[in-house]
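Undergrad: all I have is the shape, not the residue letters:
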């Protein structure tokens, strides 16, 4: 069966520091991969999605970037964090059904920027 | 009009009750529909997809009304463990167009 791993679970970082969140999927090939953010009391906001290695589409460029160095690995980065970057970051994958497939989320990373 | 709208609740029901949530969507071209549940400070988990003819999974029944542009979720015989936020998700057919509602909170009490 497919599993998705995301780490770290929690992170406290000062403003201006870099960020790297990693996500890996097991048990499937060529998944579609996504990064979402959920701010306190708000809905899920799509940040990036990827349909293949090296293919990244950005929905909210700002100061975040994403990379997909391997088929089942998706990384979210920032060179300098802002206070507004605090939130719950969720990696997700979907399968063969294309964009009409449901998403399956990792456990999430709760980021607090201080 | 917001793309996907849900009553935020909370819906407070006793154990054993039947409860129903609706979710309205604005784009008539929407193609796929899902219900997720999200526990406090956890990731959303897929509860069920919603099919045109309606579908059932144990105590949960989902329905789609394309004419009125809403989907519904019915929970029968509520359990304490059903307490969560239920998210409605709609996609018009693209990787970036999956839209999440803000959720309806359900609280089931003994």
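TA: Done, it's in. In this text the structure is predicted, and so the values were computed from the model without any measurement.
Undergrad: quick check on the closest residue to residue B:59 other than its chain neighbours: phi, psi?
TA: Spatial nearest neighbour of residue B:59, excluding adjacent residues (C-beta to C-beta, 6 or more residues apart in numbering or on different chains): residue B:76 at 4.6 Å. Where C-beta positions appear, they are placed from N, C-alpha and C, glycine not excepted. Main-chain torsions, residue B:76, degrees, to the nearest 10: phi -100, psi 150.
Undergrad: from residue B:11, how far off is residue B:76?
TA: 14 Å (C-beta to C-beta, to the nearest Å).
Undergrad: how about residue A:81?
TA: Relative to residue B:11, and taking C-beta to C-beta, residue A:81 is found at 37 Å.
Undergrad: still on that earlier bit, so for residue B:76 and residue B:11, which sits in the more crowded spot?
TA: Higher neighbour count among residue B:76 and residue B:11: residue B:11, with 19 against 14, using other C-beta atoms under 10 Å in any protein chain shown.
Undergrad: touching, the residue nearest to residue B:59 and residue B:16? I think so.
TA: No. Contact status for residue B:76 versus residue B:16: not in contact, 9.1 Å apart, counting by C-beta atoms under 8 Å.
Undergrad: lowest-pLDDT helix or strand in the chain?
TA: Answering for chain A, as no chain was given. One helix or strand of chain A scores below all others by mean pLDDT, DSSP states H and E: strand A:55-58, with a mean of 90.
Undergrad: hm, I was asking about chain B
TA: strand B:98-100 (a mean of 90).
Undergrad: would you mark the buried spots in the next helix or strand after it?
TA: Sequence order places strand B:104-109 as the next helix or strand after strand B:98-100, per DSSP states H and E. By 16 or more other C-beta atoms under 10 Å in any protein chain shown, the buried positions in strand B:104-109 come out as B:104, B:105, B:106, B:108.
Undergrad: quick one: strands adjacent to strand B:104-109?
TA: strand B:11-14 (parallel), strand B:84-91 (antiparallel) (DSSP bridges).
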